[in-house]
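K.L.:
Please work out how this folds:
(chains A and B)
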There are 2 protein chains.
Amino acid sequence: MAVGPGELPNFLPVKGVRLGIASAGIKKPGRKDLVVFELAPGSRVAGIFTRNQFCAAPVTLSREHLAAKAPRYLLINTGNANAGTGEQGMHDAQTCCEALATAAGVSREEVLPFSTGVIGEPLPVDRITGAIPQALANGDEHHWAQAAAGIMTTDTRPKGATREVSLGGHKVAISGISKGAGMIRPNMATMLGFIATDARIEPGLLQTLASELGEKSFNRITIDGDTSTNDCCMLMASGQYSGPEITADSADLPRLREALWAVYLELAHAIVRDGEGASKFVTIEVKGASSPEEALDVAYTIAHSPLVKTALFASDPNWGRILAAVGRAGVPDLDLDALEIFLGDVCLVRHGGRAPDYSEERGQAVMDQEEIVITIDLKRGAISETVWTCDLSHDYVTINAEYRT
Amino acid sequence: MAVGPGELPNFLPVKGVRLGIASAGIKKPGRKDLVVFELAPGSRVAGIFTRNQFCAAPVTLSREHLAAKAPRYLLINTGNANAGTGEQGMHDAQTCCEALATAAGVSREEVLPFSTGVIGEPLPVDRITGAIPQALANGDEHHWAQAAAGIMTTDTRPKGATREVSLGGHKVAISGISKGAGMIRPNMATMLGFIATDARIEPGLLQTLASELGEKSFNRITIDGDTSTNDCCMLMASGQYSGPEITADSADLPRLREALWAVYLELAHAIVRDGEGASKFVTIEVKGASSPEEALDVAYTIAHSPLVKTALFASDPNWGRILAAVGRAGVPDLDLDALEIFLGDVCLVRHGGRAPDYSEERGQAVMDQEEIVITIDLKRGAISETVWTCDLSHDYVTINAEYRT
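P.N.:
As a prediction, this is how the structure comes out:
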């Protein structure tokens, strides 16, 4: 199951960014399971990484390499997360980077490794190093769709987004791919996102954009609350377009940011739409908060409530469960009389109880839709935050309980 | 489904505590749905209440009455939670207390109200007040089993515990009942617990015992993390036994505390064993922590992880999910190399990865059991905390998704 249409866009090629795909046979023979991003010299890369302290070896190594040198290659394998693998895992990730660096004639620190798949199994290093030449030879600016498929684990469909934006008369391309359908898939890890543009972006600004845009998109989605060991989202700027460098003072920055934001959001939403067992795409907006923290506390408490999620699965306008989640979110001194809860444009709760004009029919009409917006107005400030989630269905339990049988 | 045997004990009557049961027809005609505790004059009561800010009207009123006067009556209805009912709900709770007070010849403040059932429906006040005389007339020291059944909502079985303890040669009885099978049942609210003893206990000590014992038992169980709007756990001491008052300095206090603790723990565990769709009873012990807070953060992150819970349902020793939950629990500077994770007595994780002596067969042998202990040794301090939970099964989704169909 997945929510809404899921066709890949016609990806715009990004000058200076080539994608190579290969079959390493990591988990299944024949499957395209290795993707290499090749970046032109002078490219800049920024990213955000999982906050899980048991982060995978490739996450630790990518952080180190990114701090040491400007990356020229990203090496991504599916089928094995190289997480929970201790010292051997770190050694294996280094060996893979070394093999790609040698084949490409760069230093090991210029390669960033990413792994996704089963946790706790040793990485099949020989298969990966054996397939690296094939992936390098396959490098092409037009291979975005193949790369989107190549990073999938048990995703039901590939995910991509693409935009063009004109900066001072120069056309800039932005393309991106993502994967993941739970914070952790059945014994599988992870959310990954890779976004590239041919704009030239000042390095400090690039990291600011990667952090800000990632924070409000990839870090605002939740399937089951299980932050994985391998999450990464990388922003690459090849600088191959013909315009000037974009800095924090550029008049073009808002336009670039808007186009990047559209790609980030589309990729993040695509992960929720393909969430494990998802039949609903749910937007939870908390407004009228006095801080982002309390807005997010309320939003995530609702988004992670198994009772709210099973009611969404059943298309049941069971507003008592939303009210109870708001009440236990830990926000001190809630004004229960002032706050309001809406399902779509139907007010559910006002003055601490069911809104006088609420009717089961009106609530049901909203719940029957595939895309649902829940709005909480805390009426205590001017801060808003939004998170996106999906429902909790029998398929979620089946996928996660029966994976290894 | 429920885990383990669930027979009620042979309840010891508690001198000075009479229980009356009646059929008010709150939700279904004929069902025993009203329970009244009648306490002898001089009895003392202490309790703990839900921290949900959207707490139900009876919770607010019970707190007020308890602060104002020594209670003589507890009035408990099932079938309607009187939560999310705004001002009308408070008025309705007051009316019910008033009716019982008038019939019994006490003041309204001497009655504590408790409600459990559907959220957001108006309380059927007339049915409750109409049945109060019947409940009063039914009052008897031997009606514990009927009361245990009378407070159920969709619990699959009644829950009770009883102990006798000798204090300075005087026999003291302790009996208790509880209900609840999720923090919130399908559109149903709540965990309730009522424990009574005929010991005479100094009022300050009684509240200390109610808080401490409740904190380590009822506040350490979780089915789905959804703290309800109606949770209450009350400790009553009638003082009708023939011994002296127990104070904080009494030599008998440790023995009394131990017997009370056994009753609290048994009642709390009974709720988990009858958790919605539960097929496993799971103990999560976090030791070697540097504070109770971090121990509980780790324990609850595991207990609430849908991925861990579905693996438990499938009897799948999927240790990567436990490791990932520990890593995202928010404890700063975890020593990943030192910490250890055990399933029963089988070590899963050591030195940041799968323990060298772990085998799938050994893990599977533990997972196949109905009662499972997961131990995390953080190796950074001397603090331990334990929580209890159950698995996440298809039945949980069915119960919560299909309740209103």
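
K.L.:
drop to CA atoms for contacts and neighbour counts, all remaining ones
P.N.:
Fine.

K.L.:
Please parse chain A into its domains.
P.N.:
The record assigns chain A these domain ranges, following automatic domain parsing: A:17-273, A:281-401.

K.L.:
tally of neighbours for A:Glu7?
P.N.:
A:Glu7 has 11 neighbours, counted by other Cα atoms under 10 Å in any protein chain shown.

K.L.:
Also A:Leu74?
P.N.:
21.

K.L.:
so what's it up against?
P.N.:
A:36-38, A:111-114 (Cα atoms under 8 Å, 6 or more residues apart in numbering or on different chains).

K.L.:
Now for the residues you listed: which two are most distant?
P.N.:
The span of the contacts of A:Leu74, defined through Cα to Cα, is set by A:Glu38 and A:Phe114 at 14.0 Å.

K.L.:
which one of those two has more residues nearby?
P.N.:
A:Phe114 (26 against 23).

K.L.:
How about the secondary structure of the closest residue to that one other than its chain neighbours?
P.N.:
Leaving aside its sequence neighbours, A:Phe114 sits nearest to A:Ile76 (Cα to Cα, 6 or more residues apart in numbering or on different chains; 4.6 Å). In terms of secondary structure, A:Ile76 is strand; the call rests on DSSP: H, G, I helix; E, B strand; the rest coil.

K.L.:
residue ranges with poor pLDDT in chain A?
P.N.:
A:1, A:181-190, A:403-405 (pLDDT under 70).

K.L.:
in it, what residue sits furthest out from the centroid?
P.N.:
Distance from the C-alpha centroid of chain A peaks at A:Pro356, with 39.8 Å (Cα atoms, centre = their mean).

K.L.:
residue contacts, A:Ile383?
P.N.:
Shown in contact with A:Ile383 (Cα under 8 Å, 6+ apart): A:287-292, A:295.

K.L.:
Filter those residues to keep only those in contact with chain B.
P.N.:
When contact is defined as Cα under 8 Å from any Cα of the partner chain, the contacts of A:Ile383 do not meet chain B at all.

K.L.:
A:Thr154: which of those residues is nearest?
P.N.:
A:Ala295 (32.2 Å).

K.L.:
for chain A, which helix is longest?
P.N.:
helix A:253-273 (DSSP state H).

K.L.:
what's it packed up against?
P.N.:
When contacts are defined as 3 or more Cα pairs under 8 Å, 6 or more residues apart in numbering or on different chains; DSSP states H and E, helix A:253-273 sits against strand A:159-167, strand A:170-179, strand A:192-197, helix A:203-215, strand A:221-222, strand A:383-390.

K.L.:
who touches A:Gly84 in this structure?
P.N.:
A:54, A:56, A:119-121, B:320, B:323, B:352-354.

K.L.:
go again using 6 Å as the cut-off
P.N.:
Applying Cα atoms under 6 Å, 6 or more residues apart in numbering or on different chains, one finds that A:Gly84 lies in contact with A:120, B:352-353.

K.L.:
returning to what we had before: and the helix or strand that the longest helix of chain A is followed by, what does it pack onto?
P.N.:
Moving toward the C-terminus from helix A:253-273, the next helix or strand (DSSP states H and E) is strand A:281-289. Packing partners of strand A:281-289 (3 or more Cα pairs under 6 Å, 6 or more residues apart in numbering or on different chains; DSSP states H and E): strand A:371-377, strand A:383-390.

K.L.:
what's the most buried one of those?
P.N.:
Comparing those by mean neighbour count (mean count of other Cα atoms under 10 Å in any protein chain shown), strand A:383-390 comes out on top with a mean of 23.

K.L.:
As PDB, could you dump the C-alpha coordinates of that strand?
P.N.:
Only the C-alpha atoms of strand A:383-390 are listed here, as PDB (Å, rounded to 0.1, in the frame of the first residue of the first chain):
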ATOM      1  CA  ILE A 383       4.600  29.700  16.800                       C
ATOM      2  CA  SER A 384       3.600  26.900  14.400                       C
ATOM      3  CA  GLU A 385       5.100  23.600  13.500                       C
ATOM      4  CA  THR A 386       4.000  20.900  11.100                       C
ATOM      5  CA  VAL A 387       4.800  17.200  11.000                       C
ATOM      6  CA  TRP A 388       3.700  14.500   8.600                       C
ATOM      7  CA  THR A 389       2.800  10.900   9.400                       C
ATOM      8  CA  CYS A 390       0.700   7.900   8.300                       C
END
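
K.L.:
who are the neighbours of the next helix-or-strand element following it, in terms of helices and strands?
P.N.:
Sequence-wise, the next helix or strand downstream of strand A:383-390 (DSSP H and E) is helix A:394-401. Contacts defined by 3+ Cα pairs under 6 Å, 6+ apart place helix A:394-401 against helix B:306-313.

K.L.:
Spell out whether the helix it packs on and chain A are in contact.
P.N.:
Yes: applying Cα under 6 Å from any Cα of the partner chain, one finds that helix B:306-313 is in contact with chain A at B:310-311.

K.L.:
Next, the angle helix B:394-401 makes with that helix.
P.N.:
Following axes from the mean of the first three to the mean of the last three Cα atoms, to 10 degrees, one obtains 130 degrees for the angle between helix B:306-313 and helix B:394-401.

K.L.:
Contact residues of the stretch 51-200 of chain A facing chain B?
P.N.:
Near chain B, when you scan the stretch 51-200 of chain A using Cα under 6 Å from any Cα, you find A:52-54, A:84-86, A:119.

K.L.:
Show me the helices in the stretch 1-150 of chain A, by range?
P.N.:
For the stretch 1-150 of chain A, the helices defined by DSSP state H, counting those that start in this stretch occupy A:57-68, A:86-104, A:125-137, A:144-150.

K.L.:
which of the ones you listed sits most buried?
P.N.:
helix A:144-150 (a mean of 22).

K.L.:
who touches that helix?
P.N.:
With Cα under 6 Å, 6+ apart, helix A:144-150 has contacts from A:32-33, A:158, A:177.

K.L.:
Could you do stretch A:334-342 as well?
P.N.:
Here stretch A:334-342 has contacts from A:347-352, A:374-379, using Cα under 6 Å, 6+ apart.

K.L.:
Please identify the buried residues of it?
P.N.:
Across stretch A:334-342, burial judged by 16 or more other Cα atoms under 10 Å in any protein chain shown covers A:334, A:336, A:339-342.

K.L.:
May I see those arranged in CSV, with secondary structure as well?
P.N.:
Below are those laid out as CSV (three-state DSSP):
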residue, secondary structure
A:Leu334, coil
A:Leu336, coil
A:Leu339, coil
A:Glu340, strand
A:Ile341, strand
A:Phe342, strand
